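Participant: Here is the input, now give the coordinates:
(one chain, ligands or ions: 1)
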Amino acid sequence: MYRKIVWPNNKKFAFTIFDDTDRSNLKDSQLIYDCLDNLGYKTTRSVWINKSNTQNSTEGITCDDKLYIDWLLEIKKKGFEIGYHNTTCNSSEREVIKDGLEKFKKTFGKIPIVMANHSQNKENIYWGSHRLSGSRRLAYNILTLFRKNKYYLGHDKNSKFFWGDLCKENISYVRNFVFSDINTLKNCPFMPYKDITKPYVNYWFASSEGNNVNTFTKCISDKNQDRLEQEGGACIMYTHFADGFSENGKISEKFKEQMTKLSKRDGWFVTVSTLLEFLKTENKNTEINSDQRRALEWKWLFNKLILGST
Ligand SMILES: [Zn+2]
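Facilitator: Reported below is the predicted structural model:
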């Protein structure tokens, strides 16, 4: 099943980006967002609320930095969205998460809040093998030697990392499956969707793989842009803008070139939650059934095994 969408203002397709905050610094972030702004994009930038109390190589700038908050509020005013990437780059227990969410809402506003789990955090919600169900979970556990079976505990009521109820109360959209195809909606036509096996998440969304500058520019190649437009699809790129997009004060030429080409097409360039809110109103049935869940999980497992998608 493929949903053909009539996009607002008769746009031919939709495109946005979820930027995972890992390893980012203020200077390079400013360069990238100036570039996006100049090209007319409105995308989603995720943040960490607090500095971690340990040495962690994935850590970048956090909302403990006043200059950073000023800049985030500036880009928010321009139409960019601020998303949540857990409280900090390390695992946080319930009370810390609770405070972090309050600080987030106070600084950036209330729902909709869009988030992605940070892969190393124990409080991740339905992560590791819990992204899957039935035989897919077993297959995943065997492939990962059961390492990711009991590590993630955000949905486990008996754990000190439990925050499922807070997630339900505060977060509108959580990212799950990532596919290598540019047309995210074609791979996950139900999004944003509810999954009865994961009750603490209001709605899930999928993404397209753009982990670093190489995979990102490959995914938005000329050929793929043509197809996204022809199919009238929607793309939510998932990326780390700190990974090769801007180095030594210079934006990647390839990135700039592909994003410039895309910006000249007649696309709907909005933030992740604007796109998902729109799709939600278009969606007659937001809860996936077991056949749809099974198909989606197998497709992602296949993508992960063959292509290494996140
Ligand atoms: Zn991350």
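Participant: Would you map the strands across this protein?
Facilitator: Under the criterion DSSP state E, the chain carries strands at the ranges 13-19, 44-47, 81-84, 114-115, 173-179, 203-209, 234-239, 246-247, 250-251, 267-269.
Participant: Which among the ones you listed is found nearest to K304?
Facilitator: strand 173-179 (8.6 Å; C-beta to C-beta). Where C-beta positions appear, they are placed from N, C-alpha and C, glycine not excepted.
Participant: Please identify the buried residues of that closest one?
Facilitator: Y173, V174, R175, N176, F177, V178, F179 (16 or more other C-beta atoms under 10 Å).
Participant: just stretch 96-115 next, same as before
Facilitator: Under 16+ other C-beta under 10 Å, the buried positions of stretch 96-115 are V96, I97, G100, L101, F104, F108, P112, I113, V114, M115.
Participant: Which residue in the residues you listed has the weakest pLDDT?
Facilitator: In terms of pLDDT, the lowest of those is P112, showing 85.
Participant: List the residues that contact that residue.
Facilitator: Residues in contact with P112, defined by C-beta atoms under 8 Å, 6 or more residues apart in numbering, are S172, Y173, S273, L276, E277.
Participant: My guess is the fourth one contacts Y173. True?
Facilitator: Yes: in terms of C-beta atoms under 8 Å, L276 counts as a neighbour of Y173; the distance is 5.3 Å.
Participant: list residues touching both of the two?
Facilitator: With C-beta under 8 Å, 6+ apart, L276 and Y173 have common neighbours P112, V114, P192, Y203, F205.
Participant: which two from the buried residues of stretch 96-115 end up farthest apart in space?
Facilitator: Most distant of the buried residues of stretch 96-115, by C-beta to C-beta, are V96 and P112, 23.0 Å apart.
Participant: Can you get me a residue count around the one residue in the stretch 151-300 of the chain that gets nearest to the ion?
Facilitator: Here the stretch 151-300 of the chain gets closest to the ion at one residue, H240, 7.0 Å apart by C-beta to the ion. H240: 21 surrounding residues under other C-beta atoms under 10 Å.
Participant: Flag every buried residue along the longest helix along the chain.
Facilitator: Using DSSP state H, we find that the single longest helix of the chain is helix 290-307. Buried residues in helix 290-307, counted by 16+ other C-beta under 10 Å: Q292, R293, R294, L296, E297, K299, W300, L301, N303, K304.
Participant: possible to save those residues as TSV with distance to the ion?
Facilitator: Formatted as TSV, the buried residues of helix 290-307 follow (distance: C-beta to the ion, whole Å):
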residue	distance to the ion
Q292	28
R293	25
R294	28
L296	22
E297	22
K299	23
W300	18
L301	21
N303	19
K304	17
